[in-house]
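*Asks:* requesting a structural model of the entry that follows:
(one chain, ligands or ions: 1)
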Amino acid sequence: MALLGTGPSKGLKVKSKPRSEAHSLKRKRDDEDLDGLNQRVQGINVKGNEYETFASMPLSQPTASGLEASHYKTLTDIQKQAVPHALKGSDILGAAKTGSGKTLAFLVPVLENLYRRRWTELDGLGALILSPTRELAIQIFEVLRKIGRYHTFSAGLVIGGKSLKEERERLGRMNILVCTPGRMLQHMDQTAAFEIDNLQMLVLDEADRIMDMGFQRDVDAIVEHLPKERQTLLFSATQTKKVSDLARLSLRDPEYVAVHEAATSATPSTLQQNYVVTLLPEKLDTLWSFIRSNLKSKILVFVSSGKQVRFVYEAFRHMQPGIPLLHLHGRQKQTARLEITNKFSASKNSCLFATDVVARGLDFPAVDWVIQLDCPEDADTYIHRVGRTARYERAGRAVLFLEPSEEEGMVKRLEQRKVTVEKINVRQNKQQSIKNQLQNMCFKNPELKYLGQKAFVSYVRSIHIQKDKEIFKLNELPLEEFSASLGLPGAPKIRFLKGDNAKSLKNASRQAVTSSEDEGERDTVPGGESTSKKSTRTKYDRMFERTNQDILTDHYSRLVNGDQAQSENINDADESNDFLTVKRRLSDASSVDSAAEERLLPANPESDKAVGKMAVNVDSKRKEKLLKSKKKLLKLKKKGQKLVFDENGNPHQIYELENEDQFKQRGPADAQKAKFLEEEQARLQTADLADKQAAKAKRKEKREKLKAREAEGAADANREDGRQAVLVPFEGDVDEDLDTLDARDESDVGESPEPVKKRPRKWFEDDADDVGKPKRKQKGGIEVQEPETLEDLEAMASGLLG
Ligand SMILES: Nc1ncnc2c1ncn2[C@@H]1O[C@H](COP(=O)(O)OP(=O)(O)OP(=O)(O)O)[C@@H](O)[C@H]1O
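*Replies:* Numbering: from 1, shown residues only. Down below sits the predicted model:
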């Protein structure tokens, strides 16, 4: 078989025309064989269930040899029932448990039906096999390669990851294509030479998934391109007979082949299934403890989003559990995904953290455990996930982690789908808490903390968007504790939450500014393709994608170093307190303490700049908003304290120097207080008066200087050929000393020769004020420097804080 795609292309084997008599004799023999084969196929009794082995089936020599060479001898139940129907050309709705051999149930008929039609490369595309994920497409292609090795068909894999042009060049010559819907549609729309009018067979593996919402548009468009007269085969472990789906695919009286319909369980009998009830904040403890006690196993852990995959993987990797860790999600590059699936397949003991991108169809050999850290969205997803173990007569175990609020609903849903799971308990003496470790790690490693924040938000979001509210009750989840269990200093803000949950998180630390747009989506999307198209990737997403490949960009380094530098500074001061302080930054205004102020106002101008930059990058919006309010800033300032200095120049609180007896002798406390206030008031008034007089004198001096300059200027102007130099007195000029302005009283204003003063320009005025205004203004001939960047703004605000 000639191949295109990931496998090495062997080139086309073109059947040459018989030139000699020997050739024509061979051709005649082949024809007779084919006639005989056709007759045997027509004679198949589809109800008889008569074929136990492939050798006994009416199959062509190349297929039979391919199966034998791949060590497939006896048929599985689904193969026994589906293959005969398919060989006879019926449309099929095939349903059988996971790991029961559905792939061969459609690949054998594909090869056979094209063979019996004498299909050659000149006939174009004969069969199209659609898979929901790239990994599954690759796997199907591999099986096709193995059992089709003696055929002369050309087969291709079209899953993206290669240039369209490269694929396009070969596409026109393919007889069998395995593909993901998105990529296929792209070719159908854009590749002119792609001939599909001749298509004989359409296969949908994981048909229910391909027919669901995520792929609806692509699949409908693909089917539009296909000839109506064709054979269609649909397979899945959770097959549906939805009439609307059948109509969409124009199925003709399909045979419903459901071999395990009468079985008491929808999952393999060799699979042992349990669930543990674990509080959300204890999930990671339980998972960690589980992994630590199963270091010699091959474990697959499902979580609900790529962001959680990344966090759990990175966190556990740092903690070195003693078993190789791997991670897989839809946002990884194709090469990385392939490498990871290969690694996991080949490994004897390892732990793979993954999203539902590997939930369906993948045939990892000898997986011992499937752990569902996050509850699956429905019973079908559960069935596919656990189906990654206990495949083809092997034993396997599956454990579902359920939050108490999920238990009743999920167990009920599973029972309805004929899945029985037994509750087990975690051995408390083996349960380890990793909360402190995670907190330490997040504290020291801002990148991990960031991943944790993203993981938190994406988890909450995944629960929020679940349809089945009998299972997923966001209101009942202890989110604050959950965020702490991830090592986070506070629950990140969740913008999409309204009502109770929002309230419960209202007082949480506001350090992570996250929006619903940039949170992780579930990766159960078409081949991981559509997700990336639809979601908005923020600069942080891109940044962390890069860091995942161990490349720290300058920008990111600055960010991280800045953060670390701060952490270290504060760490020197007081470890326990600063853990919270460092996470809160200015954004949590009410709790900014002196340490935080210190951090915002580093003595070193270099670090000042770096910190300014970092702060601007991280939560500049919130800070900016805060800076706009002078009142709020003033609140941050500590109240003044009256201190008395002793002979050695050391400051003391007043009460420290007072002897209690002496104090009492002077009279009752209230009277003393009143007297003190009176005295202070009088002192202030005197000081105030002196200030006013000084200010008045200053202004007078200024006016006189100004007048003198004006007189001088007029003289100059007269001298310079009548050219006038007009100096307009300033309006609310920022050069004006704020204290002086405040000190001016009404009479002063009346006396002043200056025009009525406008409100002085505030540094924290709304940006909108500046829209359309030039950055530098010429006022009264004096050039006014305004803050140009947020850093300027911050530096000025820092001054105010100081
Ligand atoms: N006739 C057979 N003899 C021996 N092994 C077989 C046979 N058919 C399939 N297998 C093996 O059984 C395993 C599961 O097969 P397959 O991947 O086709 O299952 P499936 O029903 O498609 O599962 P899923 O529903 O998870 O996609 C594979 O490792 C495959 O090689």
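*Asks:* so for the helix or strand hosting Gln453, mean pLDDT?
*Replies:* If you go by DSSP states H and E, Gln453 is part of helix 446-464. Averaged over helix 446-464, pLDDT sits at 96.
*Asks:* low-confidence bits of this protein, can you list those?
*Replies:* 1-20, 496-642, 654-658, 712-802 (pLDDT under 70).
*Asks:* up against the ligand, what does it have?
*Replies:* The chain comes close to the ligand at residues 72, 74-76, 79, 96, 98-104, 237, 361, 363, 387, 391-392, as judged by Cβ under 6 Å from any ligand atom. In short, each C-beta sits where N, CA and C put it, glycine included.
*Asks:* just the buried members of those?
*Replies:* The neighbour-count test (16 or more other Cβ atoms under 10 Å) marks 72, 75-76, 79, 96, 98-104, 237, 361, 363, 387, 391 as buried among the residues of the chain next to the ligand.
*Asks:* what's the neighbour count on the spatially closest residue to Gly452 that is not a sequence neighbour?
*Replies:* In space, and not counting its chain neighbours, Gly452 is closest to Leu486: 4.4 Å by Cβ to Cβ, 6 or more residues apart in numbering. Around Leu486 there are 27 other residues, counting by other Cβ atoms under 10 Å.
*Asks:* what's the answer for the one 3 residues further on, then?
*Replies:* Neighbourhood size, Pro489 [other Cβ under 10 Å]: 22.
*Asks:* double-check that it belongs to a helix.
*Replies:* No - counting by DSSP: H, G, I helix; E, B strand; the rest coil, Pro489 falls outside a helix, being coil.
*Asks:* mind checking how far it is from the ligand?
*Replies:* 42 Å (Cβ to the nearest ligand atom, to the nearest Å).
*Asks:* can you report phi and psi for that residue?
*Replies:* phi -80, psi -10 (degrees, to the nearest 10).
*Asks:* where's His384 relative to Ala266, distance?
*Replies:* Applying Cβ to Cβ, to the nearest Å, the value for His384 to Ala266 is 11 Å.
*Asks:* which neighbours do those two share?
*Replies:* Here His384 and Ala266 have 237-238 as joint contacts, going by Cβ atoms under 8 Å, 6 or more residues apart in numbering.
*Asks:* between the two, who's got more neighbours?
*Replies:* Between His384 and Ala266, counting by other Cβ under 10 Å, His384 is the more crowded of the two (25 against 22).
*Asks:* and the more buried one, its phi and psi?
*Replies:* According to degrees, to the nearest 10, His384 has phi -70, psi -40.
*Asks:* give me the domain ranges for the chain.
*Replies:* Using automatic domain parsing, the domain parsing of the chain gives 28-258, 271-485, 583-653.
*Asks:* now Phe645, nearest residue through space, not along the chain?
*Replies:* With Cβ to Cβ, 6+ apart, the residue lying closest to Phe645 is Pro651, at 5.6 Å.
*Asks:* and that neighbour, how many residues sit next to it?
*Replies:* Quick note: Pro651 (other Cβ under 10 Å) scores 10 neighbours.
*Asks:* for it, give me its contacts.
*Replies:* Per Cβ under 8 Å, 6+ apart, neighbours of Pro651: 643-645.
*Asks:* which of these tops the neighbour count?
*Replies:* Val644 leads these on contacts (other Cβ under 10 Å) with 13 neighbours.
*Asks:* direction included, what does the helix or strand hosting that residue pair up with?
*Replies:* Using DSSP H and E, Val644 falls within strand 643-645. Using DSSP bridges, strand 643-645 pairs in its sheet with strand 651-653 (antiparallel).
*Asks:* alpha carbons only: can I get stretch 678-694 in PDB?
*Replies:* Output in PDB follows, covering the C-alpha atoms of stretch 678-694 (Å, rounded to 0.1, in the frame of the first residue of the first chain):
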ATOM      1  CA  GLU A 678      -7.100  73.300  72.800                       C
ATOM      2  CA  GLU A 679      -3.400  74.000  73.100                       C
ATOM      3  CA  GLU A 680      -2.700  72.100  69.900                       C
ATOM      4  CA  GLN A 681      -5.400  74.000  68.100                       C
ATOM      5  CA  ALA A 682      -4.000  77.300  69.200                       C
ATOM      6  CA  ARG A 683      -0.500  76.200  68.200                       C
ATOM      7  CA  LEU A 684      -1.800  75.200  64.800                       C
ATOM      8  CA  GLN A 685      -3.600  78.500  64.300                       C
ATOM      9  CA  THR A 686      -0.400  80.400  65.000                       C
ATOM     10  CA  ALA A 687       1.600  78.200  62.700                       C
ATOM     11  CA  ASP A 688      -1.100  78.600  60.100                       C
ATOM     12  CA  LEU A 689      -1.000  82.300  60.300                       C
ATOM     13  CA  ALA A 690       2.800  82.400  60.000                       C
ATOM     14  CA  ASP A 691       2.400  80.000  57.000                       C
ATOM     15  CA  LYS A 692      -0.100  82.300  55.400                       C
ATOM     16  CA  GLN A 693       2.000  85.300  55.900                       C
ATOM     17  CA  ALA A 694       5.000  83.600  54.400                       C
END
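*Asks:* and the end-to-end length of stretch 426-444?
*Replies:* The first and final residues of stretch 426-444 sit 31 Å from each other (Cα to Cα, to the nearest Å).
*Asks:* next, the buried residues of that stretch.
*Replies:* Buried residues in stretch 426-444 (16+ other Cβ under 10 Å): 426, 434-435, 438-439, 441-443.
*Asks:* secondary structure added to these, as TSV?
*Replies:* Formatted as TSV, the buried residues of stretch 426-444 follow (three-state DSSP):
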residue	secondary structure
Val426	coil
Ile434	coil
Lys435	helix
Leu438	helix
Gln439	helix
Met441	helix
Cys442	helix
Phe443	helix
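*Asks:* check for me that Leu684 belongs to a helix.
*Replies:* Yes - assessed with three-state DSSP, Leu684 lies in a helix.
*Asks:* ok, now how distant is it from the ligand?
*Replies:* 83 Å.
*Asks:* next, count neighbours for that residue.
*Replies:* Leu684: 11 neighbours (other Cβ under 10 Å).
*Asks:* and it, how far from Leu438?
*Replies:* 54 Å.
*Asks:* what residue in the stretch 151-300 of the chain comes nearest to the ligand?
*Replies:* Of the residues in the stretch 151-300 of the chain, the one nearest the ligand is Ala237, at a distance of 3.9 Å by Cβ to the nearest ligand atom.
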